[in-house]
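**Student:** my questions are about this predicted structure, shown below with the sequence.
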Amino acid sequence: MLGDNSLKFKFIKHFKHYLYIWRFMIADKYQSQGYGREAMKLVIQHVKSKFNAEELIVFTLPQNKDALEFYRKLGFKPTGRKLAVGDLELRLNLK
């Protein structure tokens, strides 16, 4: 967690070949200004340099079209897997 709760992300689990980010959130007043994109690029760089992960995995609700488009633009691809709580899984190949 960073700063004044404007940006949040949590690494929930690091497995041998992949790393999960359970939630990545930008406060409403900072959305659509490029902060989320730049922050996620930094997260991706951090994961590549610190962990030997092959994939970065994120989750979002299927009705959150803005989040789905956000992740798609960064190269994440839906896997078709849906968690019991309803979240969709998206993966980014890091290799």
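**Tutor:** Yes, it's here.
**Student:** tell me which other helices or strands the longest helix along the chain touches.
**Tutor:** Ranked by residue count, the top helix of the chain under DSSP state H comes out as helix 35-50. Contacts defined by 3 or more C-beta pairs under 8 Å, 6 or more residues apart in numbering; DSSP states H and E place helix 35-50 against strand 7-14, strand 18-26, strand 55-60, helix 65-73. All C-beta spots, glycine's among them, are computed from the backbone N, C-alpha and C.
**Student:** and with 6 Å instead?
**Tutor:** Counting contacts by 3 or more C-beta pairs under 6 Å, 6 or more residues apart in numbering; DSSP states H and E, helix 35-50 packs against strand 18-26.
**Student:** and the strand it packs on, what's buried?
**Tutor:** 18-21, 24, 26 (16 or more other C-beta atoms under 10 Å).
**Student:** closest to residue 48 among these?
**Tutor:** Distance ranking of the buried residues of strand 18-26 against residue 48, using C-beta to C-beta, places residue 19 first at 10.1 Å.
**Student:** gap between that closest one and residue 28?
**Tutor:** Counting by C-beta to C-beta, to the nearest Å, the gap from residue 19 to residue 28 is 27 Å.
**Student:** mind listing the residues bridging to the residue most central in space within the chain?
**Tutor:** The centre of the chain sits closest to residue 58, judged by C-alpha atoms, centre = their mean, with a distance of 4.2 Å. Here residue 58 sits in beta bridges with residue 21, residue 90, going by DSSP bridges.
**Student:** so it sits right up against residue 21, yeah?
**Tutor:** Yes: using C-beta atoms under 6 Å, residue 58 is in contact with residue 21, at 4.9 Å.
**Student:** and the pLDDT at the nearest residue to residue 41 once chain neighbours are set aside?
**Tutor:** Distance criterion C-beta to C-beta, 6 or more residues apart in numbering; nearest residue to residue 41, sequence neighbours excluded, is residue 74 at 7.5 Å. Residue 74 is assigned a predicted lDDT (pLDDT) of 96.
**Student:** residue 74: how many residues sit nearby?
**Tutor:** Residues contacting residue 74 under the criterion other C-beta atoms under 10 Å number 17.
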